[in-house]
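>>> Build me a model from this:
(chains A, B, C and D)
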Number of protein chains: 2
Amino acid sequence: MTRYSKQTRILVAVDCIIFGFDGHDIKLLLVKRGLEPESGKWSLMGGFVQPRENLRQAANRILQKLTGLQGVYMEQLRTFSDPDRDPVERTISIAYFALIDIHKYEKQLSEDYHAEWVLLKDRPRLIFDHNEMVELAQKQLRYKAALHPILFELLPSKFTIPQLQSLYEAIYDNTFDNRNFSRKVLSTGLLIKQKEKDKLNSKKGAFYYRLDKRKYKANFQSFLNFIPNPDKFLI
Amino acid sequence: MTRYSKQTRILVAVDCIIFGFDGHDIKLLLVKRGLEPESGKWSLMGGFVQPRENLRQAANRILQKLTGLQGVYMEQLRTFSDPDRDPVERTISIAYFALIDIHKYEKQLSEDYHAEWVLLKDRPRLIFDHNEMVELAQKQLRYKAALHPILFELLPSKFTIPQLQSLYEAIYDNTFDNRNFSRKVLSTGLLIKQKEKDKLNSKKGAFYYRLDKRKYKANFQSFLNFIPNPDKFLI
DNA sequence: GCAAAAGTGTTATCACTACACCCATGG
DNA sequence: CCATGGGTGTAGTGATAACACTTTTGC
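Now for the predicted structure:
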């Protein structure tokens, strides 16, 4: 029984802005588009929403198809709807942004999609309005990371404080005072010190930490103020 | 030339969560649904996206149809996509929330839609997933208002500090210390004191203020921290 | 023994909170 | 003259920011 019969139905897609961190730089996972138009150009990984799935399911399906990963941090960003955004046919697209530990599958990058990690800073031009999507996602990431402990999603389960700081510095394209940074981070009580050290990045070695998952979930909504003068970075 | 031909097209709607403030309480503008199913039940104002309009245009069109107002503060909230959210036919809906000065059109409420302002606190049960939309909008409003000077959108162009405080108290269902509140608000430099007083709410009268529009726009993205202990309110 | 990164402490400043009284006016 | 809401000031506390030196160890 189909009512609403006078209305126009529209194609609905999901596009994923996938961020990773390699220890120095923020990266973006892109694919080479396999269908016309714009075949061969760089694009976000995306796909059409299927009849019986909701958007989160669609986004997870797309991410898994590309990376093989499940349980990835993902949030809905915004819906893009310019009638001409896709020249073939009107398509609205819901952008999701995802944070993944780049090491979890650096190797298993699906050949099928010609996927590649590129530096966020000097990424190539993308098709359609995907550039705008990436810019918005970056803004949102900075915004959210200033207030919530979201960036742990980009690190492996064991990480050092200097690594964490590098990540924040990459996100905000800035340097922070290491004494203040580690004091602030440790004062949240979210981190559990391990006995081993990471000796790859220095001779002295830096202690590993792990997230206290319980506290992480409990405090996720709290305002934590990880970075000094957040105003400066969120314009 | 239509490619993508194998894909399913889906109905796309916009629903507006419209907030107002009457001096004491936060209100929500609802309509009585005029079509089956659920005809006669309370609902958010919404409508289908038309072929040549984007979502913002659709939301503005819907809001204007209902209230006659243009240039209203509005932001995209989230897209709701459960395949069964509308029992008639699959429809995804993009929720927008809007803030309006309730006095601007209290009277011109369109009879056509049986629109009514209801208290947000004891609103009736709404159709479909509109209850969820309202809850998310309220959360988002609290979140955003804790950091950004967004609530001025709910007030007339001239307002008093006690009025502003009542608004914040209504939003957070709490009371705040009036000395700290006015100091904090005035310290932003966003308000321009007027010479007249509002004598309706007290014998002494309270000075009117206006927003400094220039600074308002410039500072909109700043973290202003209008309320004490924001953590408390945002869980 | 030296280069390179890790780790740690103190002080000054600022922002926030809690708190109580006087003011102006209409009735 | 009194009841009502408007308006203001201070002191204590806690958070933040600025700043430099010592430690460890691989080479």
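
>>> can you pull out the helices in chain A?
A:55-67, A:130-147, A:161-172, A:178-187, A:213-219 (DSSP state H).

>>> and the shortest one, anywhere near DNA strand D?
The one in question is helix A:213-219. No. Helix A:213-219 stays clear of DNA strand D (Cβ under 7 Å from any atom of the strand), getting no nearer than 14.0 Å. From N, CA and C alone the C-beta is placed, and that goes for glycine too.

>>> That helix: which residues count as buried?
For helix A:213-219, the neighbour count (16 or more other Cβ atoms under 10 Å in any protein chain shown) marks A:Asn219 as buried.

>>> Wondering if it reaches chain B at all.
No. Under the criterion of Cβ under 8 Å from any Cβ of the partner chain, chain B is not reached by helix A:213-219; the shortest gap measures 9.2 Å.

>>> Can you pull the residues of chain A lying near chain B?
Residues of chain A lying near chain B (Cβ under 8 Å from any Cβ): A:1-4, A:7-12, A:35-36, A:48-56, A:76, A:78-79, A:81-83, A:88-92, A:94, A:221-223, A:230-231, A:234-235.

>>> Would you mind listing which of the residues you listed are buried?
Here, 16+ other Cβ under 10 Å leaves A:7, A:10-12, A:48-49, A:53-56, A:76, A:78-79, A:81-83, A:90-92, A:94, A:222-223, A:230, A:234 buried among the residues of chain A next to chain B.

>>> per-domain residue ranges of chain A.
Per automatic domain parsing, the structural domains of chain A span A:11-146, A:150-233.

>>> Any idea which of those domains gets closest to B:Glu116?
With Cβ to Cβ, the closest approach to B:Glu116 among the domains of chain A belongs to domain A:11-146: 28.7 Å.

>>> next one: that closest one to chain centre, how far?
Here domain A:11-146 is found 9 Å from its chain centre; the criterion is Cα atoms, centre = their mean, to the nearest Å.

>>> Now the terminal residues of it, how far apart.
Terminal residues of domain A:11-146 are spaced 35 Å apart (Cα to Cα, to the nearest Å).

>>> Could you see whether DNA strand C lies near that domain?
No. Shown here: domain A:11-146 not in contact with DNA strand C (Cβ under 7 Å from any atom of the strand), separated by at least 10.9 Å.

>>> mean confidence for that domain?
The average pLDDT for domain A:11-146 rounds to 93.

>>> just stretch A:149-164 next, same as before
The average pLDDT within stretch A:149-164 is 96.

>>> wait, doesn't A:His133 sit right on A:Phe80?
Wrong residue type there; residue A:133 is Met, not His. Yes. Counting by Cβ atoms under 8 Å, A:Met133 does reach A:Phe80; the two are 6.6 Å apart.

>>> list residues touching both of those two?
A:93, A:95 (Cβ atoms under 8 Å, 6 or more residues apart in numbering or on different chains).

>>> need the contact list for A:Ile100.
Shown in contact with A:Ile100 (Cβ under 8 Å, 6+ apart): A:18-20, A:29, A:67, A:69, A:72-73, A:153-154.

>>> Could you double-check that A:Glu38 sits in contact with A:His130?
No. The criterion here is Cβ under 8 Å, and A:Glu38 misses it with A:His130 at 10.1 Å.

>>> Quick check on those two: which one has the bigger neighbour count.
A:His130 (24 against 15; other Cβ atoms under 10 Å in any protein chain shown).

>>> Excluding chain neighbours, give the residue nearest to the more buried one in space.
A:Leu44 (4.8 Å; Cβ to Cβ, 6 or more residues apart in numbering or on different chains).

>>> what are the phi and psi angles of the closest residue to A:Pro87 other than its chain neighbours?
Closest residue to A:Pro87 apart from its sequence neighbours, by Cβ to Cβ, 6+ apart: A:Pro37 at 6.0 Å. Here is the backbone geometry of A:Pro37 (degrees, to the nearest 10): phi -80, psi 170.

>>> ok, A:Pro37 - how many residues close by?
So A:Pro37, with other Cβ under 10 Å, has 12 neighbours.
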